[in-house]
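K.L.:
What follows is a predicted protein model with its sequence.
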Amino acid sequence: LGRWIYRTAQRKLAIEASSGICITTPLAGSPLPRCGDRGYNRKTAWNRNSPEIPVDWSPLTAFLRAHDRPLLMTHIRPDADGLGAQLALYDALRTLGKNPRVAIASKLLPRYEFLDPQRKVIEDFRPANFTDRDCVVVLDTGTWNQLGDFGDWLKKSPLPRAVVDHHRTQDDLGGIQFVD
């Protein structure tokens, strides 16, 4: 699942190279484009020939299969990592017949508006609008201080939750946690 999310996210998000934002949409198995004038190559960010991912993703897969209406959240001031993970997981879950919703707890920066120009998928987080959700998946952060108002709501929420992140610094947000 982790590799699938990453590959799907590759098609959706901007890589913030030192020369600016590079938007590419490679197809599976196609050569990876070079971004920027410094020779940034996506192969340096993800090696398809790497050994197995050292995280057991099966509990996350079971968690996602057990819930039909997940709320997909990321940190405040969302970047390409967080938004890309949200949108990739949204697409994967929709493919499985689920009804996920994507929300952010702060303003969407103009440089990421191309990801959802009509704002049909990415919603602003307002607690009253998400009472129909049956679980929460927090992506690209595992710390309370990066969740803003959503964190206050999450502390009070009885919903089951999962955290998927790649940062070493983690708080206990409750639920299951996957750090790669």
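P.N.:
Received the coordinates, thanks. Nothing here was measured: the structure is a model prediction, and the numbers come from that model.
K.L.:
CA only for contacts and neighbour counts going forward, please
P.N.:
OK.
K.L.:
what ranges do the helices span in this structure?
P.N.:
In the chain, the helices defined using DSSP state H lie at 2-12, 58-66, 80-95, 148-156.
K.L.:
do you know which of those helices lies nearest residue 106?
P.N.:
Ranking the helices of the chain by distance to residue 106, with C-alpha to C-alpha as the measure, places helix 148-156 first at 7.9 Å.
K.L.:
what about the residue most central in space within the chain, distance to residue 126?
P.N.:
The residue lying closest to the centre of the chain (C-alpha atoms, centre = their mean) is residue 85, at 2.2 Å. From residue 85 across to residue 126, the span is 21 Å (C-alpha to C-alpha, to the nearest Å).
K.L.:
now do residue 102
P.N.:
From residue 102 to residue 126 the distance is 12 Å (C-alpha to C-alpha).
K.L.:
cool, and residue 150?
P.N.:
For residue 150, the distance to residue 126 (C-alpha to C-alpha) stands at 8 Å.
K.L.:
Any chance you could give me stretch 88-99 in PDB, C-alpha atoms only?
P.N.:
Taking Å, rounded to 0.1, in the frame of the first residue of the first chain, the C-alpha atoms of stretch 88-99 are listed here in PDB:
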ATOM      1  CA  ALA A  88      -3.400   9.500  -3.400                       C
ATOM      2  CA  LEU A  89      -5.100   7.700  -0.600                       C
ATOM      3  CA  TYR A  90      -8.400   9.400  -1.500                       C
ATOM      4  CA  ASP A  91      -8.100   8.000  -5.000                       C
ATOM      5  CA  ALA A  92      -7.100   4.500  -3.800                       C
ATOM      6  CA  LEU A  93     -10.100   4.400  -1.400                       C
ATOM      7  CA  ARG A  94     -12.600   5.600  -4.000                       C
ATOM      8  CA  THR A  95     -11.300   2.800  -6.200                       C
ATOM      9  CA  LEU A  96     -12.200   0.400  -3.500                       C
ATOM     10  CA  GLY A  97     -15.800   1.800  -3.200                       C
ATOM     11  CA  LYS A  98     -15.100   3.800   0.000                       C
ATOM     12  CA  ASN A  99     -16.300   7.300   0.600                       C
END
